[in-house]
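Student: Sequence plus the predicted model coming up.
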Amino acid sequence: MQETKVMIIEDHPIFSKGLAQLINIQKIYVVVGEAKNSAEAMDILEKQKPELAIVDLNLGDEDGLDVIKQMHTTNPNLIILVLSMHDERYYAERALKAGAKGYIMKEEAGNQVIDAIKTVLSGKIWLSDKERAREEESNIDLSGENVASGKDEISSLTNRQLQIFTLIGKGLGTVEIAAKLNLSTKTVDTHKEHIKIKLHCNTSQELRQLAIEWSSKSN
């Protein structure tokens, strides 16, 4: 039986090695590459042609959602599974829209990760029972198309707004966020104003405090 080629995109080497070991002992899978960023990922994708990519959303200076979109555009047949510490309530729907076929949190046991791999490789969507129930309740199309907005206010943020909100929660100011995301400070400030409106924050201090509290809960 031919082994299924798997690549891992994860910027923590110890976690990546442990995940690779978990996958390789299954015998039916083989990890053909481990990447820390999009450049390394695209290189592995071109040279090794894996069938499955397991992606973390937290990739240092890069946004994992952007990496997923890039890979999905380059190779629409690549099956992508997100394995992340970020709360699925805010990221699972976004990951599916970006091109992923499943979302599982890092806190899950190893056997759950293997089950998720088997599920997405069989052509089905993998979500936790809790997240699937929430999305079905919100009438969300689990194919990732025409996804309805949830009632949660943070879920109403766009991907860029959530990215900026997350960075605010990490203590970054406008200038630092602009440099990190290659945006102008004016663009970042405009996004901040829109975020304040959506999250009902009257001041930048309120927004910063909310972002810090949210960041501490979601990580």
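Tutor: That came through fine.

Student: hey, let's count contacts and neighbours off CA atoms from now on
Tutor: Will do.

Student: domain ranges for the protein?
Tutor: Following automatic domain parsing, the chain resolves into domains at 4-137, 154-218.

Student: Deepest-packed of these, please.
Tutor: Of all these, domain 4-137 carries the top mean neighbour count, a mean of 18, counting by mean count of other Cα atoms under 10 Å.

Student: rounded to a whole number, what's the mean pLDDT of that domain?
Tutor: Taken as a whole, domain 4-137 has an average pLDDT of 92.

Student: quick one, strands of the protein?
Tutor: For the chain, the strands identified by DSSP state E occupy 4-9, 29-35, 52-55, 58-59, 62-63, 79-84, 102-105, in order along the chain.

Student: quick one: which of these is nearest Ile197?
Tutor: In this view, the strands of the chain are compared for proximity to Ile197 by Cα to Cα, and strand 62-63 is the closest at 23.8 Å.

Student: And the closest one, how far out from the chain middle?
Tutor: Centroid displacement of strand 62-63 relative to its chain, using Cα atoms, centre = their mean, to the nearest Å, is 9 Å.

Student: what does stretch 159-179 give?
Tutor: In terms of Cα atoms, centre = their mean, the gap separating the centre of stretch 159-179 from the centre of its chain is 16 Å.

Student: what's the span of that stretch from first residue to last?
Tutor: Counting by Cα to Cα, to the nearest Å, the length from the leading to the trailing residue of stretch 159-179 is 18 Å.

Student: List of residues touching it?
Tutor: Here stretch 159-179 makes contact (Cα atoms under 8 Å, 6 or more residues apart in numbering) with 63, 94, 154, 183-185, 188-189, 191-192, 195, 208-215.

Student: I'd like the average pLDDT over that stretch.
Tutor: When pLDDT is averaged over stretch 159-179, the result is 90.

Student: give the contact list for the nearest residue to Pro50 once chain neighbours are set aside.
Tutor: Closest residue in space to Pro50, ignoring its immediate chain neighbours: Lys5 at 4.6 Å, by Cα to Cα, 6 or more residues apart in numbering. Each residue near Lys5 by Cα under 8 Å, 6+ apart is listed here: 29-32, 49-52.

Student: What lies in contact with stretch 67-78?
Tutor: Outside stretch 67-78, the residues that touch it by Cα under 8 Å, 6+ apart are 38, 42, 50-53, 55, 80, 95, 98-100.
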